[in-house]
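**Student:** Could you work out the structure for the sequence below:
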Amino acid sequence: MLLSITTTHQPATDLGYLLHKNPDRVQTTDMSFGQVNVVYPEAGRDRCTAALLVEVDPVGLVRDRKGPKGNDFSLAQYVNDRPYAASSFLSVAINKVFGTAMTGRSKERPELADLAMPFVVHLPVVPCRGGEAILRRLFEPIGYEVAATTIPLDTQFPQWGDSRYLDVTLTGTCRLRELLEHLFVLLPVLDDDKHYWVGPEEVDKLLRRGGDWLGTHPDRELIARRYLRHDRRLTSDALARLLAEDGDVEDPDEVGAAHDQEEAAVEKPISLNEQRLDAVIDQLSAAGSRRVVDLGCGGGKLVARILRDTKVEHVLGVDVSYRALSAASRRLHLDTMAPRQRERVELVQGALTYRDRRLQGFDAATVVEVIEHLDPPRLGAFERAVFAYARPGRVVVTTPNVEYNVLFETLPTGTLRHRDHRFEWTRAEFAAWAGDVGSRNGYAVEISGIGPEDAEHGSPTQMAVFHR
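**Tutor:** The predicted structure is shown next:
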């Protein structure tokens, strides 16, 4: 079986430092199921490719009694796809051969480990239970462009139809550690099988390799179930631990993706939260938006306000925190809501930085006091997920104006309004960001202020309304 990883980052041979494998020689590692080779078909300044070739010995597996049991017929142990199709054998090989790279370390060039690079991954033969649709559901939300061709059962007999095998190419920009972790977890999920017994330690392995992205993946339940070979107890344990790690909200009645008690206390004297919600509702009403998604919906305050407009047909609330969504459900009284009203609202867990098909097809998206909670390097992923992929007709974004902070008497000089804020922008910085996002994605932008306006410092909240 074969895996190739190509980068055009310059100098492209930096890939060798990241993988801890010298491009000038073939490197071979013996495994219990066969042999693993790392070679570089090309290694130049402009383009470098590392290939992982796994030679599985199915006969040796049977002799050593290390192969999977329970096959329908005895010859299946000898005649099978193991030497050719990417499966859990390939995941084990990745972990063994590229283990140091998966820890995010580069001994000779440590700065490379945190650098996002363009990568193209090619897997010539991938068994995929569920076909291309499952492949896309797994990889597109975490930022990859997916190209796949179904392999026919036999080119000489096209009437036999297609096989369950795909020729797959994945294209994306990320850190190498993230790429390897995605492949390690998702390859056996595609195959929906593993060549070894699965126990409680597999839950730890899944959370260790998927901890930074799995909790917010829209198909995390499918991933956990398949990765753990449909063991209900292990799957429940994995999901419970994922949900327990998704946030640190303290008061469920005051949760919000970006506006909790600490920030509210600073802004309370001018009732800024209510003014923000009013301004956003005014924008939605003026545009006649019928389908609205609230990204970072928190405790559901804005969702509740949107539902008051009977002309709105559907509202989707999205938040990364399971506890925030539970609080929103209680605020909205979803369990006792009238059936016709209940059909108008939906709450789902998801992240603003992952492409998600559920976010497509909306007239408007609201992002209220959320972006400042993202690490600046993740703003590009947010832009691609919302403006390039979901592409709502209108996007309303609000964020603090850091220039106004000096006017809050309870806010110490030089501090941000909330300890979880990664940044707070000046008016010029926000305008520059919004203008760049709009021009790259085909949106016109209008910027205004919310709250009392100071002649020198402007308004406490700034709002950008993007029109597609």
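
**Student:** wait, is residue 318 part of a helix?
**Tutor:** No - read with DSSP: H, G, I helix; E, B strand; the rest coil, residue 318 is strand and lies in no helix.

**Student:** what about the nearest residue to it once chain neighbours are set aside, distance to residue 392?
**Tutor:** Excluding the flanking residues, the one nearest residue 318 by C-beta to C-beta, 6 or more residues apart in numbering is residue 350, at 4.7 Å. C-beta: built from backbone N, CA, C; applies to glycine. For residue 350, the distance to residue 392 equals 15 Å [C-beta to C-beta, to the nearest Å].

**Student:** And for residue 338?
**Tutor:** Residue 338 is 27 Å from residue 392, where distance means C-beta to C-beta.

**Student:** Could you check which of the two is surrounded by more residues?
**Tutor:** Counted by other C-beta atoms under 10 Å, residue 338 and residue 392 do not tie: residue 392 has more neighbours, with 24 against 9.

**Student:** Spit out the contact partners of that one.
**Tutor:** Going by C-beta atoms under 8 Å, 6 or more residues apart in numbering, residue 392 touches 293, 359, 362-365, 386, 468.

**Student:** do residue 107 as well
**Tutor:** By C-beta under 8 Å, 6+ apart, the contact set of residue 107 is residue 20.

**Student:** before we move on, back to that, pretty sure the residue nearest to residue 318 is touching residue 322, no?
**Tutor:** No - here residue 350 lies out of contact with residue 322, judged by C-beta atoms under 8 Å, at a distance of 11.1 Å.

**Student:** And the two? Which one has more around it.
**Tutor:** Neighbours were counted for residue 350 and for residue 322 using other C-beta under 10 Å; residue 350 has more, 23 against 18.

**Student:** And the pLDDT at that one?
**Tutor:** Here, the pLDDT recorded for residue 350 equals 84.

**Student:** quick one, what contacts it?
**Tutor:** Contact partners of residue 350, counting by C-beta under 8 Å, 6+ apart, are 216, 218, 318-320, 356, 358-359.

**Student:** Buried only: go through the residues you listed for me.
**Tutor:** 216, 218, 318-320, 356, 359 (16 or more other C-beta atoms under 10 Å).

**Student:** Show the residue spans covered by the strands in the stretch 51-200 of the chain.
**Tutor:** Under the criterion DSSP state E, counting those that start in this stretch, the stretch 51-200 of the chain contains strands at 117-127, 145-152, 162-174.

**Student:** Quick check: which ranges of this protein have low pLDDT?
**Tutor:** Scanning the chain for pLDDT under 70 picks out 60, 62-79, 155, 211, 243-270.

**Student:** Show me it divided up by domain.
**Tutor:** 2-196, 261-467 (automatic domain parsing).

**Student:** Quick check: which of those domains is nearest to residue 231?
**Tutor:** Smallest distance to residue 231 across these (C-beta to C-beta): 10.9 Å, for domain 2-196.

**Student:** got the end-to-end distance for that closest one?
**Tutor:** Criterion C-alpha to C-alpha, to the nearest Å; first-to-last residue distance in domain 2-196 is 20 Å.

**Student:** Could you give me the buried positions within stretch 140-151?
**Tutor:** For stretch 140-151, the buried set under the neighbour-count rule, 16+ other C-beta under 10 Å, comprises 140-144, 146, 148, 151.

**Student:** what's the farthest-apart pair in those?
**Tutor:** Most distant of the buried residues of stretch 140-151, by C-beta to C-beta, are 143 and 151, 25.6 Å apart.

**Student:** Output the buried ones among the contacts of residue 350 as CSV; include the columns distance to residue 441.
**Tutor:** Shown next, in CSV, are the buried ones among the contacts of residue 350 (distance: C-beta to C-beta, whole Å):
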residue, distance to residue 441
216, 22
218, 22
318, 19
319, 23
320, 23
356, 17
359, 14
